Structure formats: C-alpha cells, structure tokens
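Trainee: from the sequence below, what's the structure:
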Amino acid sequence: MLSIACSGISFASLIGSSYTGTVTTPDTDLLVSPGGTISYIDQTAPLTFCVSGQSQSGCALSGSVFFIDVGATEADIAFEFSGSASGTAGDTFTVDLGDIVTSDGSRVAGLDPTTDYLEDGSFQLTSFDGSDAIFTGTLGSDGLIAASADDTVVFGDLLNPAPEPASILLFGIGLSALLFATRRLRASDIQ
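Mentor: From the prediction side, this is the model:
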C-alpha cells in the first residue's frame, strides 16, 4: 500500500464516485453480463456482473465492485465474488473500470497490481493507464473459476487529492507576499 503526506490537502474519497464499467470475454464458451459500457455510482448503483459457462443457466459466478476509503490519499477497489463458472482452462473475462470521477475532485493516481487466487482460478489487475483499470479473471487448470461465499479481492489505490480552496487561497497570498518582497528588495538595490 502506497501513501504520501500532503499538507493542505482535503480528504480524498472514492466512496460515492461515478465510473464506467464494461465486462467482456474473448472466449466463446463463457458468457458475461451486462453487455456494453454502462455508467455506475459506487454504493448507490454499483457494477454487478455475472460470468457463466455456455452449459450453465443463470448467473454462475457473480461479482460486484465497491470502493473503500483507507486514508487521506489511499482507497481500495474491492471485488466480491460468489459461485463458480466453468469453461476451458485458461479462459478469461475482463472488467474494465474507467472514467472514475470522485465527488471531491481527486483522481486515482496509481493501483497496487495485486493478483489474488480464488478457490479456483485467479483475478488480477492487468493494466492501469491513468484512466482505465482493467482486471482479468482467469479460469484454473480444471476449467473453473470459483469463490467461496463472498470472497473479496482488494486492490489498493493511491489517490491524488484535490487541494482545499482555503489552501489554494493561502498559497496565493504567500506567493503574492513573496513577489512583493522580491520587488521591494530589487527596488532598494537599484537606489
């Protein structure tokens, strides 16, 4: 987990953020839903998704996304899984979270590249480009991805919080005073 110390910075929060989510698979023997890119709001209307094998009915492996605040510059993206999906060993599905907008103006500056092994298969951060975070679930050697009841996979975030308006004002006053003092000093040197 990464952390930085910032003075004059407001508390950054991922809770309540809006974001887009897309769930896809390149493999024909897996089914994922929902289809397409959809907008979500953390905790109010979060992304929940299903992964199933072609021979399975209903939602075989269910997943949901939620955010957890840890500190002023740290938060977590958590995925909760339950159930099991079957397909071919090595089949994958991806969850793409993008355009994360926090209510306080902060942004995700980095993600901890965690790989977690579920009861069967794995789930990991594949890439983060500063805007989109792509997570990949991979079926195990037995062709299953499974979670015991409510398995949670957590990815640590480093947040870049927005400065408080009061801090910006204080910085501006200090900068103005420094410029004024520099001009007075130069003016006295010329005389």
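Trainee: quickly list the domain ranges of this protein.
Mentor: Segmentation of the chain into domains, based on automatic domain parsing, reads 18-160, 164-191.
Trainee: can you tell me which of these is most buried?
Mentor: Comparing the domains of the chain by mean neighbour count (mean count of other Cβ atoms under 10 Å), domain 18-160 ranks first with a mean of 17. Any C-beta I mention is one placed from the backbone N, CA and C, and that applies to glycine too.
Trainee: and that domain, how far from the chain's centre?
Mentor: Offset of domain 18-160 from its chain centre (Cα atoms, centre = their mean, to the nearest Å): 10 Å.
Trainee: that domain: end-to-end distance?
Mentor: 16 Å (Cα to Cα, to the nearest Å).
Trainee: ditto for stretch 28-39
Mentor: End-to-end distance for stretch 28-39, by Cα to Cα: 26 Å.
Trainee: what do you get for stretch 125-139?
Mentor: With Cα to Cα applied, stretch 125-139 spans 15 Å between its terminal residues.
Trainee: which residues are in contact with that stretch?
Mentor: Stretch 125-139 is touched from outside by 51, 77, 79, 85-100, 108-115, 120-124, 145, 155, with contacts defined as Cβ atoms under 8 Å, 6 or more residues apart in numbering.
Trainee: pick out the residue closest to the middle of this structure.
Mentor: In the chain, the C-alpha nearest the mean C-alpha coordinate belongs to Ile77, at 4.8 Å (Cα atoms, centre = their mean).
Trainee: give the bridge partners for that one, please.
Mentor: Under DSSP bridges, the beta-bridge partners of Ile77 are Phe67, Phe155.
Trainee: which ones are touching it?
Mentor: 14, 65, 67, 97, 111, 133, 154-155, 157.
Trainee: quick one: low-confidence ranges for this structure?
Mentor: Applying pLDDT under 70 to the chain flags residues 1-10, 161-191.
Trainee: what are the boundaries of the helices in it?
Mentor: Ranges of helices in the chain, per DSSP state H, are 165-190.
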